[in-house]
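J.: when you get a sec, could you give me coordinates for this:
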Amino acid sequence: MPTVQNYNRGLISNFAGSASIPANSIILLIELGIFVNQASNFLEVSTSVGVLTDSETGALVTINVNMDGNPVGTTGTVFIDTSNSVITYNIVLTDVSIGHHVIQILADSGGYSLNGLATAQATVYG
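T.: Model prediction:
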């Protein structure tokens, strides 16, 4: 049975309450580190991002997950049709190399605003 080897979490703190993201840009929301101490493992990354849009037609949102600067997961483009929504995304990576890794949560904009709710957690099981 797998046991937790390491855990870390992060939350949005670079912005005062909310962030306005220009159209056609990518912004780093959360960056955190995680240490993997054994070869046979799996790493679960979970993130939740709150989206606030003033647009009557909705917004297109993409949340990307990078590890050590390389893309490892994406929500794909999500259509937000309400003024206030939360996107939740989970990814599981297996047999991650031993050592310290950097997890980044990025938002790809379609001209929307974040309402300040953005969290991420990374858990290593071995």
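J.: pull out the buried positions in stretch 77-87.
T.: Under the neighbour-count criterion of 16 or more other CB atoms under 10 Å, stretch 77-87 has Val78, Ile80, Ser85, Ile87 buried. C-beta: built from backbone N, CA, C; applies to glycine.
J.: mind checking which of those residues land in strands?
T.: When these are checked against strands using DSSP state E, the ones located there are Val78, Ile80, Ser85, Ile87.
J.: state the pair within those that is farthest apart.
T.: Taking CB to CB as the measure, these span a maximum distance of 8.6 Å, between Val78 and Ser85.
J.: that older thread, dump the ones in strands among the buried residues of stretch 77-87 into a markdown table; add distance to Phe42 and pLDDT as well.
T.: A markdown table is the format used below for those (distance: CB to CB, whole Å; pLDDT from 0 to 100):
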| residue | distance to Phe42 | pLDDT |
| --- | --- | --- |
| Val78 | 25 | 86 |
| Ile80 | 30 | 79 |
| Ser85 | 29 | 81 |
| Ile87 | 23 | 88 |
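J.: relative to Met1, which of those residues is nearest.
T.: Of all those, the one sitting nearest Met1 is Ile87; the distance, using CB to CB, is 31.2 Å.
J.: let's verify Asn24: helix, strand, or coil?
T.: Three-state call for Asn24 (DSSP: H, G, I helix; E, B strand; the rest coil): coil.
J.: wait, it sits on Ser109?
T.: Yes: taking contact to mean CB atoms under 8 Å, the distance of 6.8 Å between Asn24 and Ser109 places them in contact.
J.: pick out whichever of the two has more residues nearby.
T.: Applying other CB atoms under 10 Å to Asn24 and Ser109 shows that Ser109 carries more neighbours, namely 20 against 9.
J.: I'd guessed that one sits against Leu29; true?
T.: No: if you go by CB under 8 Å, Ser109 and Leu29 don't touch, sitting 11.2 Å apart.
J.: would you map the strands across this structure?
T.: Secondary structure of the chain (DSSP E): strands at 4-11, 19-20, 26-36, 42-52, 59-67, 70-74, 78-80, 84-94, 99-108, 113-125.
J.: need the helix or strand of the protein with the lowest average pLDDT.
T.: strand 19-20 (a mean of 62; mean pLDDT, DSSP states H and E).
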